[in-house]
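Asker: here is my input, please return the structure:
(2 chains)
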Amino acid sequence: MSEERKKILDMLQQGKITVEEAEKLLAALASPEEAKIEAQRSACRYLRVVVEPGPQSEDRDRVNIRVPMKLIRAGLKWAAFVPKHAQSSINQALHEKGIEMDFTRITQEDIEELVTQLNDLTVEVEGKEKVRIYCE
Amino acid sequence: MIPMLMRLKVSRKPDRHGLLLPVFLVWILLFALMVVLLPFVLVAALFTWASGQGKWLLMTYPLLISVLFHLSGLHVEIEHEEQNILIAFL
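Answerer: Numbering: from 1, shown residues only, chains lettered A, B, ... in the order given. Below you'll find the model as predicted:
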């Protein structure tokens, strides 16, 4: 046990701080590794895509897709298999669409960051159909 | 955990339960095939190592296994007026 942790627990024992305050202080002391593990625990497990008919929609089609985030991570690793000449074609196509991005410079860390950021993703589109994309 | 069963439903009625397919049998066959092909993959990787493709050839195995192991929980359901399709890995 580190000195700081011991001090916090001593203060708690002496009644100088409340349990909530001690919890906050201990959380603040947590190492980056522990914080990362905690973030992974709270991360979403599935990406959901739900398409439902809107009020004015004539067709009653529904789509309900649940993709495990681990599968997305595993699948994205296959991006490394995209041949070099195809990568330049992708860059060209992105440029034509007005997206200035160099596909060849995307690293595994970038992909990991992208997937992590999906945790906060919520897309809701209401038109003829109601489309929802979110993490759960 | 690798999925052991796949729920497949192709029906006109939404309340039908569909089939539970034992996909672990497919995995057994696939892993057997991978083991049989392994020497050829290693030879191919050796010959293409200089071009940089050999590394990716070797990576195919762990990546494929990684995808298979994380298929569990995948759920795709499409309801149409006339047809309902459900594919779920359990």
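Asker: list the contacts of stretch B:75-90.
Answerer: Residues from elsewhere that reach stretch B:75-90, judged by CB atoms under 8 Å, 6 or more residues apart in numbering or on different chains: A:59-66, B:3-14, B:16, B:18, B:20, B:23, B:71-74. C-beta here means a position set from N, CA and C on the backbone, and glycine is covered the same way.
Asker: buried residues, that stretch. List them.
Answerer: Within stretch B:75-90, the residues scored as buried using 16 or more other CB atoms under 10 Å in any protein chain shown are B:75, B:77, B:79, B:84, B:86-89.
Asker: and the worst-scoring helix or strand of chain B on mean pLDDT, is it in reach of chain A?
Answerer: Every helix and strand in chain B was compared by mean pLDDT, DSSP states H and E; the lowest is helix B:53-69, with a mean of 87. Yes. Helix B:53-69 lies within reach of chain A by CB under 8 Å from any CB of the partner chain, at B:56, B:59, B:63, B:66-67, B:69.
Asker: list only those of the residues you listed flagged as buried.
Answerer: Neighbour counting with 16+ other CB under 10 Å marks B:63, B:66-67 as buried within those.
Asker: closest to A:V125 out of those residues?
Answerer: B:V67 (29.2 Å; CB to CB).
Asker: wait, doesn't that closest one sit right on A:I72?
Answerer: No. Between B:V67 and A:I72 there is no contact under CB atoms under 8 Å: 10.3 Å.
Asker: give me the number of residues near the residue nearest to B:W49 when sequence neighbours are not counted?
Answerer: In space, and not counting its chain neighbours, B:W49 is closest to B:K55: 7.2 Å by CB to CB, 6 or more residues apart in numbering or on different chains. B:K55 has 12 neighbouring residues, counting by other CB atoms under 10 Å in any protein chain shown.
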